[in-house]
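Visitor: Dropping a prediction and its sequence here:
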Amino acid sequence: MLELYQRVTLIHDLPEYSLKTGDVVTLVDYVTHPSGGENGYVLEVFNAIGESIDVIAVPMSAVQPLRNDEILTVRSLAKAS
């Protein structure tokens, strides 16, 4: 299990939130699935200047820890169509 307040990366697109694979988010809580499915994480999404722009819940399998061979990048937040 990942640690609270750890930065993690998404491993697939989440178009319903306008988020993409590789976006960096912060894990802020753990969520138990109400009917026995995959447990999840509550993630806080920040813009490039550190302002909180969203809080979302995703399955644990949707994120992975950052690695030391990765670099951060910046992109515009495109609204889902």
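Guide: Alright, I've got the coordinates. Residues are numbered from 1 along each chain as shown.
Visitor: dump the residue contacts of residue 12.
Guide: The neighbours of residue 12, taking C-beta atoms under 8 Å, 6 or more residues apart in numbering as the test, are 21, 62. Bear in mind the C-beta positions are built from the backbone N, C-alpha and C, glycine included.
Visitor: begin at 54 from here
Guide: Sounds good: first residue 54 from here, last item residue 65.
Visitor: Let me see the backbone angles for residue 55.
Guide: Backbone torsions of residue 55, given as degrees, to the nearest 10, read phi -80, psi 160.
Visitor: and what of the one 5 residues further on?
Guide: Dihedral pair for residue 60: phi -80, psi 140, per degrees, to the nearest 10.
Visitor: Quick one: neighbours of it, just the number.
Guide: For residue 60, the number of neighbouring residues by other C-beta atoms under 10 Å comes to 15.
Visitor: next one: the one 10 residues further on
Guide: As a burial measure, the neighbour count of residue 70 was computed by other C-beta under 10 Å and equals 18.
Visitor: do the same with residue 69
Guide: A count of neighbours around residue 69, defined by other C-beta under 10 Å, yields 8.
Visitor: Looking at the one residue sitting closest to the centre of the chain now. What's its pLDDT?
Guide: When C-alpha atoms, centre = their mean is applied to the chain, the residue found nearest the centroid is residue 78 (4.2 Å). Residue 78 is assigned 98 on the pLDDT scale.
Visitor: Quick check: buried residues in whatever helix or strand it lives in?
Guide: Using DSSP states H and E, residue 78 maps to strand 77-84. Residues of strand 77-84 classed as buried by neighbour count (16 or more other C-beta atoms under 10 Å): 77, 78, 79, 80.
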